[in-house]
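Chemist: What follows is a predicted structure for the sequence shown.
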Amino acid sequence: MEPKDFAFVRELAATFPTFTVPSEYILWFFTRFHSRYCRILEQESGDLRAYLLAMPTSNPGDGIAIWQVAATTPNEAFALEYFASYLQELAVGTGTTSVFFTTQQESVASLRLIRSLSKLFNCKLEQLNVVPSGQGEYEFRISIGAAPRGPR
C-alpha cells in the first residue's frame, strides 16, 4: 500500500456503515510501521479492488489483528480468498499463532474470510467477547498453534 492508494481505501471504507474511515495519517502509520500487514489488491488494468489493514499484536505477542478488509463488488469472493492466502503466508513467515478479527455476526463476507483462514490452517474458529463499543461486533480468534518463526 502506498500514499496514492489512500483515497481508494478511504472511499471504499466509507461505503461500509460499520467501518471507521481511516484518516490519511492512520493509513500512513499502517504503511510506515506495519507495511507487511497491509495490502492493496489491484487488477492488471491498474484498477484497485480491495484492501487489507492489519497489524501484529502485542498481547499475545505472536498474533495478527485484522482491522479492516474490504473489496469492491463483484470482486469480494476473489479478494477474500487472496487475503486469506496472503495471511496464511504472513502467519507462517512471522510465527503467528493467533489471528484476531472483529465483525458483526451477520456479516457474511467477513465471516467467509475468517472461515477461509480457519480452513487453510485446519484449525478452530472461536467467537470471543462482544466488543464494548463495536456496534454489535464480536471478537473472533483463529488459533493456529505453534507456527515456525521467521523474521518479523
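Modeler: Thanks, I have the structure now. Residues are numbered from 1 along each chain as shown.
Chemist: Below-threshold pLDDT in this structure: ranges please.
Modeler: Applying pLDDT under 70 to the chain flags the ranges 75, 105-110, 133-135, 145-152.
Chemist: helices or strands next to the top helix by length along it in the packing?
Modeler: Across the chain, the longest stretch assigned as helix under DSSP state H is helix 76-94. The elements that helix 76-94 packs onto, with contact taken as 3 or more CB pairs under 8 Å, 6 or more residues apart in numbering; DSSP states H and E, are strand 38-42, strand 48-56, strand 63-71, helix 108-121. Backbone N, C-alpha and C define where each C-beta goes, glycine included.
Chemist: Show me how far that helix is from its chain's centre.
Modeler: 9 Å (CA atoms, centre = their mean, to the nearest Å).
Chemist: Using PDB, write out the CA atom coordinates for it.
Modeler: The C-alpha trace of helix 76-94 is given here as PDB (Å, rounded to 0.1, in the frame of the first residue of the first chain):
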ATOM      1  CA  GLU A  76     -15.500  -9.800  -3.000                       C
ATOM      2  CA  ALA A  77     -15.000 -13.600  -3.100                       C
ATOM      3  CA  PHE A  78     -11.700 -13.400  -5.000                       C
ATOM      4  CA  ALA A  79     -10.300 -10.700  -2.700                       C
ATOM      5  CA  LEU A  80     -11.200 -12.600   0.400                       C
ATOM      6  CA  GLU A  81      -9.500 -15.800  -0.900                       C
ATOM      7  CA  TYR A  82      -6.500 -13.800  -1.900                       C
ATOM      8  CA  PHE A  83      -6.200 -12.100   1.500                       C
ATOM      9  CA  ALA A  84      -6.800 -15.400   3.300                       C
ATOM     10  CA  SER A  85      -3.900 -17.000   1.400                       C
ATOM     11  CA  TYR A  86      -1.700 -13.900   2.000                       C
ATOM     12  CA  LEU A  87      -2.400 -14.000   5.700                       C
ATOM     13  CA  GLN A  88      -1.500 -17.700   5.800                       C
ATOM     14  CA  GLU A  89       1.900 -16.900   4.300                       C
ATOM     15  CA  LEU A  90       2.400 -14.000   6.600                       C
ATOM     16  CA  ALA A  91       1.400 -16.100   9.700                       C
ATOM     17  CA  VAL A  92       3.900 -18.800   8.800                       C
ATOM     18  CA  GLY A  93       6.600 -16.300   8.000                       C
ATOM     19  CA  THR A  94       6.200 -14.400  11.300                       C
END
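Chemist: Good, wrapping up.
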